[in-house]
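Participant: got a predicted structure here, sequence first:
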Amino acid sequence: MRLVRCVPVLLTGCHPTAVVSPDSGSDADSDVDADTDGDTDADSDADVDTLSLDADFDSGSIGAYSINGDTLRMAVDQVTMVNTGAVYAYWTHFELSGVGDREITVEVHGVHDNPFFGELHQDVQMVYSCDGETWERLTDHVYGPEDGGLYSVTQTFGCDPVYVASFFPFSYGSMQAWIDGVGESEWAELSMLGSSEQGRDVPMLTITNTAVPEEAKRSVFILGRQHAAETAGSYQLTGLVDFLISGQVDAQPLLDDLVWRIVPMVNPDGVFLGHSRSTSLYRDPNADWANGESVEVTLVRSTLESLAAGPGVDMVLDWHNQMNQVRWYDFVYSPSGNSFFPVLSSWTDFDEETASGASSCTSADCSSRGWTMTHVLFDPVFVLEPCPHSNHWTVDGLREQGELTAQAIGAWFTDQP
Ligand SMILES: [Zn+2]
């Protein structure tokens, strides 16, 4: 889907992940000519900064692009998973410098089938940030059918540089800092399951009131960010945990009655590299539960096996967000006939459920839910899929959904014999 040619104007080079994706080629880099004097228009006006772009940072990602005056033209790269053959558009997250106080136009070309920019839902909105922490939406985009779908937004940002992304980012570094902070809580214990393919930590948080014997408690296991760009799930998961350790009265029974074991970021390499779903090896980790091909998944699977053989596991949640432009609502994959979904739905915005079956994969137990339902427990095993494209979401709203999910879990266990 390469519809934008990088032209020799101020190209600073694309993120390495964009270069190695099968469909991306290396147009951007190959077209770069550091000595090309294509930026004369900008240089001719000494009062106007020239735009420059960087995505070579934790969770950064951009496909081929060009800059001409005040306009950034970009395409969204795609990648084919080596283990499933599925094709997904890359996550987009970059820093744009030299914006000054003038109007800047960002054009994304070839977005027809892209879940974050496609025309199927006109209210998709990119986000921007002045500090990389607090995000606002770009609310005035227009969509046109030309060039296989053209998403365009013109904005005066009011800060320089500015960060732009397809949805609220939640980077590897941000997650590690958050995990370390939670680990300081009197209710939490931080442990390491092991290292990712590229040597990054895969930590687990155990959250409970240790004054209550574990034999008297039920056990909840939660994993997140198998798919690297599914940040809505991270905001909800961290909202759940922050509520548990908040000291609020409503949280105390959830610490007294339950043990929460949480692996917040199963795929740290993919997150760091700015991938959409895959690991550093371009594998979909959620198709590697039965084959041992993704070391990160094997770490989590071994932990689940040990818990199932030891203290037990009474609920498993796998927190994602959808990467599909067709579903425009919040839903869960759940076992047929389960009693948890009505409770979850009454507390949260998860208002649709899809029967899991044994698995969404071709082999019997290749996904987290397939493997877990086969080897650990059948019910309740849930995959949570908030819709990141919905522009009603805010970071605070996503985090509140996590808190409400915690309360729903507590309410459901209270009614279990
Ligand atoms: Zn996912």
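Facilitator: Alright, I've got the coordinates.

Participant: give me the nearest residue to the residue nearest the centre of the chain, chain neighbours excluded.
Facilitator: Residue closest to the average C-alpha location in the chain (Cα atoms, centre = their mean): Glu230, at 2.0 Å. In space, Glu230 comes closest to Asn321 once its chain neighbours are excluded; the distance is 4.3 Å by Cβ to Cβ, 6 or more residues apart in numbering. (C-beta placed from N, C-alpha, C; glycine too.)

Participant: same thing with Gly148?
Facilitator: Distances taken as Cβ to Cβ, 6+ apart put Gly110 closest to Gly148, at 4.2 Å, once the chain neighbours are dropped.

Participant: likewise for Trp178?
Facilitator: In space, and not counting its chain neighbours, Trp178 is closest to Thr238: 5.9 Å by Cβ to Cβ, 6+ apart.

Participant: and the helix or strand harbouring that neighbour, which residues are buried?
Facilitator: Assigned by DSSP states H and E, Thr238 falls within helix 231-244. Neighbour-count burial for helix 231-244, counted by 16 or more other Cβ atoms under 10 Å, picks out 231-244.

Participant: what packs against the very next helix or strand once past that helix?
Facilitator: Going down the chain from helix 231-244, the next helix or strand is helix 252-256, by DSSP H and E. With contacts defined as 3 or more Cβ pairs under 8 Å, 6 or more residues apart in numbering; DSSP states H and E, the packing partners of helix 252-256 are helix 395-414.

Participant: sorry, back to before: out of the buried residues of helix 231-244, who's nearest the ion?
Facilitator: Closest approach to the ion among the buried residues of helix 231-244 (Cβ to the ion): Gly233, at 7.5 Å.

Participant: tally up the residues packed near Tyr151, please.
Facilitator: 26 (other Cβ atoms under 10 Å).

Participant: quick check: it is in a strand.
Facilitator: Yes: note on Tyr151: a strand contains this position according to DSSP: H, G, I helix; E, B strand; the rest coil.

Participant: for it, name its beta-bridge partners.
Facilitator: Taking DSSP bridges as the rule, Tyr151 bridges to Val108, Tyr143.

Participant: quick one: contacts for it?
Facilitator: The contact partners of Tyr151, by Cβ atoms under 8 Å, 6 or more residues apart in numbering, come to 107-108, 111, 117, 124, 126, 141-143.

Participant: show me where pLDDT drops low in the protein?
Facilitator: For the chain, the stretches flagged by pLDDT under 70 are 1-48, 119-122, 325, 357-364.

Participant: and the residue in the stretch 301-417 of the chain positioned nearest to the ion, what is it in contact with?
Facilitator: With Cβ to the ion, the shortest gap between the stretch 301-417 of the chain and the ion falls at His320, namely 3.2 Å. With contact set as Cβ under 8 Å, 6+ apart, His320 has these partners: 224, 226-227, 230, 233, 383-385.

Participant: quick one on the thing from earlier: so what's the residue count around the residue nearest to Gly148?
Facilitator: Gly110 has 22 neighbours, counted by other Cβ under 10 Å.

Participant: how far away is it from Thr303?
Facilitator: Separation of Gly110 from Thr303 (Cβ to Cβ, to the nearest Å) stands at 41 Å.

Participant: can you confirm Glu189 is in a strand?
Facilitator: Yes: counting by three-state DSSP, Glu189 is part of a strand.

Participant: which residues of the chain lie near the ion?
Facilitator: Contact residues, the chain versus the ion (Cβ under 5 Å from the ion): 227, 230, 320.

Participant: how about the strands in the stretch 51-200 of the chain?
Facilitator: Here the stretch 51-200 of the chain has its strands, by DSSP state E, counting those that start in this stretch, at 52-54, 65-68, 71-75, 78-80, 87-89, 93-97, 104-109, 127-129, 135-137, 142-144, 150-155, 162-165, 188-195.

Participant: let's have these in TSV, adding distance to Asp284.
Facilitator: TSV is the format used below for those (distance: least, Cβ to Cβ, whole Å):
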stretch	distance to Asp284
strand 52-54	28
strand 65-68	26
strand 71-75	22
strand 78-80	10
strand 87-89	9
strand 93-97	20
strand 104-109	24
strand 127-129	25
strand 135-137	27
strand 142-144	29
strand 150-155	26
strand 162-165	22
strand 188-195	20
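
Participant: which among those strands is found nearest to Ala408?
Facilitator: Ala408 sits nearest to strand 188-195 of all these, at 21.0 Å, using Cβ to Cβ.

Participant: which residues touch the residue in the stretch 151-300 of the chain that the ion sits nearest to?
Facilitator: Nearest residue of the stretch 151-300 of the chain to the ion (Cβ to the ion) works out as His227 at 3.5 Å. Contact analysis of His227 by Cβ under 8 Å, 6+ apart lists 267, 270, 276-277, 284-286, 320, 323.

Participant: residue boundaries of the helices in the protein?
Facilitator: If DSSP state H is used as the criterion, the helices of the chain fall at 16-20, 27-31, 40-43, 172-183, 231-244, 252-256, 268-273, 295-309, 340-347, 368-375, 395-414.
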